[in-house]
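**Q** I'll drop the sequence and a predicted model, then ask my questions.
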Amino acid sequence: MTNHEIARVLVNIADILEIQEENLFKIRAYRKAADSVYHLDEDIRNLYQKDRIGDIPGVGKAVKAKIEEMLEKSSCEYYEGLLSQVPAGVLEMLTIPGIGHKTVKIIYEQLGITSIAELVQAVNDKKIRTLPGMGEKSEYNIQKGIELLKENTGKFNLGLALPLAEEFLEYLMTSPDIECGSIVGSIRRGKPLVSDIDILVASHNFARVIEYTRAYKYIKKVTDVKEDSISGELGDSVKFEVIMVAPRDYYYKLIWTTGSKPFRSKFFTNIPEQELSGLASESELFSRQGLKYIPPELREDRGELETAKEGNLPQLISQSDIKGDLHVHSEWSDGAEKIQDMAAAAQKLGYQYIAITDHSKSLTISGGLNEERLSAQSRVINALNENAKDFCILRGIEVDILKDGTLDFTDDILERLDVVIASIHSNFKLDKELQTERVLKVIKNKNVNIIGHLTGRLLNRRKGYELDLDKVLEAAAKNNVVLEINAHPDRLDIDEHVARKTRDYGIKIAINSDAHHKEDLNLMIYGILNARRGWLTPDDVINTWDKDKLLEFLQKKKD
DNA sequence: GCCGTTTTCGGCCCGACTGTTTTCAGTCG
């Protein structure tokens, strides 16, 4: 079993225990262990071989035994036992916004419902409102929650799909029958939600490639085999298709299978078939059409063909441009690591700086810092910086935006910091006008550098809160406030459309990982892809700048 | 169920909002 699969089982155990109203701390222990396993920076099987499962934070004797059992037998007796009491379909209901463990318990026990499909029927039959503590409003909210889930059925977050696709491609490339290959489709375009993994490979022997593909260890089932393709499902029900093509047709097909449908139909009109074969690169075909190379992320028919014709495509930002990460948590609030460990991990990535931006006091659940702990943290950071070579830890905060648009800390506290990110973590349901006013008030605060995850959306889970974005962008531009592209693949907030608008407004962007674990620093790539889809260049993004230029920019805000 | 810079036992993450209620329970961050 993989790290993610084991983490999933541990979370499910916690969920079942919670439905069964077990000891809260025991439940929390399982969740903490699951979180640690999920964020491990190496394959858990390696740890197992070195007999180091017990070294994982939050994994003690009991959980260690269960993990080892899963690694040995691909199953866990304790978990199977729990599932016989609370079926997996019941756990699925927990994904519906507004439904928690208590509600699931009542729905399961009193109505015998064990799947979302049955729940839909119960909502239609107006049965939910008959349950204790539930009414018409709750029933309506459940219905809305299910509808939101359904909007995205079958779509996977890029954070799940991209690593799976990369690993799959890596495997395929070890086949002696495959000359070259690439991830294609919406993953190559960096879309935040994708419906499947598409991989294109060039080969002279399709039959052998099909056999080689079938042998991939993570394939759960093969659903369709054609002469030049094989499709099926990997773990987590992620669908895949491997498309085979003769080597002479590879680059033409690479463009064909990468672009969106509108892009493809526009680009391939009027290209004679004989020009498509025997290309040496994608650029060759673009160039023959009188176009500059169009990066995959832009191939959506949103003006890129016209702009490429004029030779005016922006030089898009890439990962190597990033010089630091301006939104990083530590164990001082809800992060898992020490400041020095996050810094070391960032330095390993080649960064020049990170900003430690822990939560502020209102976010009690996250162990938000009060004034005293914030200054204690600053002293720790100063000390670390004294001994640092070619690296700088910036003193920051992710300060909570309160309901009325005031901040969790007074100006004299904020102005002493290097970076101030202001974020909303409460009152998501304010109406559009009030929510907009709330954000505008923050933007006008001279100590605020960055607005974190602007709309609060969670892909596949929660829509962003209501905001008048044009007013927000206007104010951000006027007040020199930076907007964050939160690189967490669940957020990618601001989205690509808003990102593209910021260029016209002259607003600067920070692409931040919002890391809570060392491993999360690597989430930066999703932010980069999102920024590329928003046509952003390195100069649009402040964390591509050198430390001095960055600090001068942040300081200027306060003057 | 995990953990220990006074601890191997007794702590461990709280508070606002919502919807159901007439004083509170459940969800969420």
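**A** Received the coordinates, thanks. Everything numeric here is computed off the predicted structure, so don't read it as measured data.
**Q** the spatially closest residue to residue A:40 that is not a sequence neighbour: how many residues sit nearby?
**A** Among residues not flanking residue A:40 along the chain, residue A:3 sits closest, at 5.4 Å (Cβ to Cβ, 6 or more residues apart in numbering). C-beta: built from backbone N, CA, C; applies to glycine. By the measure other Cβ atoms under 10 Å, the count of residues near residue A:3 is 18.
**Q** next: the one 5 residues further on.
**A** The tally of other residues near residue A:8 (other Cβ under 10 Å) stands at 17.
**Q** roughly how far apart are it and residue A:292?
**A** Using Cβ to Cβ, to the nearest Å, residue A:8 is found at 44 Å from residue A:292.
**Q** please apply the same query to residue A:460.
**A** Distance, residue A:460 to residue A:292, using Cβ to Cβ: 35 Å.
**Q** quick one: pLDDT of the residue in the stretch 101-250 of chain A positioned nearest to DNA strand B?
**A** Nearest to DNA strand B, among the residues of the stretch 101-250 of chain A, is residue A:135, at 2.5 Å (Cβ to the nearest atom of the strand). Per-residue confidence (pLDDT) for residue A:135: 93.
**Q** so the spatially closest residue to it that is not a sequence neighbour: helix, strand or coil?
**A** Once flanking residues are discounted, residue A:135 sits nearest to residue A:129: 5.6 Å by Cβ to Cβ, 6+ apart. The three-state assignment at residue A:129 reads helix, by DSSP: H, G, I helix; E, B strand; the rest coil.
**Q** and residue A:129, what does it touch?
**A** A:135-136, A:138-139 (Cβ atoms under 8 Å, 6 or more residues apart in numbering).
**Q** distance check, it against residue A:118.
**A** Counting by Cβ to Cβ, the gap from residue A:129 to residue A:118 is 16 Å.
**Q** break chain A down into its domains, please.
**A** Using automatic domain parsing, the domain parsing of chain A gives A:3-151, A:156-310, A:319-558.
**Q** from DNA strand B, how far out is the closest residue to residue A:55 other than its chain neighbours?
**A** Nearest non-adjacent residue to residue A:55, counting by Cβ to Cβ, 6+ apart: residue A:47, 7.2 Å away. Separation of residue A:47 from DNA strand B (Cβ to the nearest atom of the strand, to the nearest Å) stands at 14 Å.
**Q** wait, isn't residue A:47 in contact with residue A:64?
**A** No. With contacts counted by Cβ atoms under 8 Å, residue A:47 stays clear of residue A:64, the gap being 10.4 Å.
**Q** in chain A, which residue is closest to the centre?
**A** Residue closest to the average C-alpha location in chain A (Cα atoms, centre = their mean): residue A:489, at 1.0 Å.
**Q** from memory that one sits against residue A:163, does it?
**A** No. Counting by Cβ under 8 Å, residue A:489 does not reach residue A:163; the two are 10.1 Å apart.
**Q** which parts of the stretch 101-250 of chain A sit against DNA strand B?
**A** Within the stretch 101-250 of chain A, the positions near DNA strand B by Cβ under 7 Å from any atom of the strand are A:101-104, A:129, A:132-139, A:141.
**Q** the residue nearest to the centre of chain A: what secondary structure?
**A** Three-state call for residue A:489 (three-state DSSP): coil.
**Q** so which residue of the stretch 201-350 of chain A comes closest to DNA strand B?
**A** Residue nearest to DNA strand B within the stretch 201-350 of chain A: residue A:334 (6.9 Å; Cβ to the nearest atom of the strand).
**Q** list the contacts for that residue?
**A** Residues in contact with residue A:334, defined by Cβ under 8 Å, 6+ apart, are A:358-359, A:365-367, A:516.
**Q** would you agree residue A:306 falls within a helix?
**A** Yes. Residue A:306 forms part of a helix when assessed by three-state DSSP.
**Q** partners of residue A:202 in the sheet?
**A** Going by DSSP bridges, residue A:202 is paired in beta bridges with residue A:180, residue A:245.
**Q** correct me, but it touches residue A:179?
**A** Yes. Using Cβ under 8 Å as the test, residue A:202 is close enough to residue A:179 to be in contact (4.6 Å).
**Q** which neighbours do the two share?
**A** Common neighbours of residue A:202 and residue A:179 (Cβ under 8 Å, 6+ apart) are A:247, A:250.
**Q** out of the two, which sits in the busier spot?
**A** The neighbour count for residue A:202 versus residue A:179, taken as other Cβ under 10 Å, is higher for residue A:202 (21 against 14).
**Q** how far away is the more buried one from residue A:181?
**A** In terms of Cβ to Cβ, residue A:202 sits 7 Å off from residue A:181.
**Q** quick one on the thing from earlier: spell out which residues are contacts of both of residue A:47 and residue A:64.
**A** Shared contacts of residue A:47 and residue A:64, defined by Cβ under 8 Å, 6+ apart, are found at residue A:53.
**Q** can you tell me the closest non-neighbouring residue to residue A:161?
**A** Residue A:161's closest residue in space is residue A:194 (Cβ to Cβ, 6+ apart), at 5.0 Å.
**Q** and for residue A:41?
**A** Residue A:41 sits nearest to residue A:519 (Cβ to Cβ, 6+ apart), 4.8 Å away.
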